[in-house]
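J.: sequence first, then the predicted structure, then my questions.
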Amino acid sequence: MVLMHEWIELAALGVETLAVAIMVFFIIVGTTRWVVHSAKNIGGTYERYRVVLGKALLVGLELLVAADIIRTVALDTSPKNLAMLGGLVVVRTFLGWSIVVEIEGRWPWQKRKEVGLSTDESMGTSLTQGATAFAGATGAETERRD
């Protein structure tokens, strides 16, 4: 039984480490690309930079919540720890919603405005630029449509 608890704790720690590594990696890659593109005077670099950072933070927050759930539910389900988990989930959910509002200009439960391949009026950027910036940060080549 002790061995199982150690494995569960190690799994939770691994998920937390993955979350931090993803966030740090995309912050570094996104910042590097932003500096390079800003120096080349490529339009829309700041908006793409914000999208990359926002998506990296969202993924990191979701993984951190998963690690907290693993640790709390599997290892120590005391009322105090469950209340702390609930508080953490509420705070991280609010942060996630705030990031979605900043990136997409809408609440997560609202439908996306269908504007085709034209600009998203709330952000002033192409709908495909966010995906392009995120894919570009990973090294994948995509076609930009402005």
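T.: That came through fine.
J.: helix or strand right after whichever helix or strand T17 is part of?
T.: Per DSSP states H and E: T17 is located in helix 2-39. Next in sequence after helix 2-39, counting helices and strands by DSSP H and E, comes helix 45-75.
J.: need the pLDDT of the most centrally placed residue in the chain.
T.: In the chain, the residue lying closest to the centroid (C-alpha atoms, centre = their mean) is L58, at 2.1 Å. Note on L58: pLDDT of 90.
J.: where does the chain have low pLDDT?
T.: Judged by pLDDT under 70, the chain has its weakly predicted residues at 1, 114-146.
J.: picking up where we left off before, distance check, the residue nearest to the centre of the chain against Y46.
T.: 19 Å (C-beta to C-beta, to the nearest Å). To be clear about C-beta, it is placed using only N, CA and C from the backbone, and glycine gets the same treatment.
J.: same question, M4
T.: 48 Å.
J.: swap in V36?
T.: 13 Å.
J.: ok so, going back, go ahead and confirm the residue nearest to the centre of the chain touches G96.
T.: Yes - in this structure L58 lies within contact range of G96 using C-beta atoms under 8 Å: 5.7 Å.
J.: shared neighbours of those two, anything?
T.: With contacts taken as C-beta atoms under 8 Å, 6 or more residues apart in numbering, not a single residue reaches both L58 and G96.
J.: what number of residues lie near the nearest residue to M23 once chain neighbours are set aside?
T.: Distances taken as C-beta to C-beta, 6 or more residues apart in numbering place G60 nearest to M23, at 3.9 Å, with adjacent residues excluded. Counted with other C-beta atoms under 10 Å, the neighbours of G60 add up to 21.
J.: cool, and the one 10 residues further on?
T.: The number of residues packed near I70 is 18, by other C-beta under 10 Å.
J.: show me which positions of stretch 34-49 end up buried.
T.: The neighbour-count criterion (16 or more other C-beta atoms under 10 Å) identifies W34, H37, G44, T45, E47, R48, Y49 as the buried residues of stretch 34-49.
J.: the fourth one and G30: what is the separation?
T.: Read it as T45. 10 Å.
J.: likewise L18?
T.: 18 Å.
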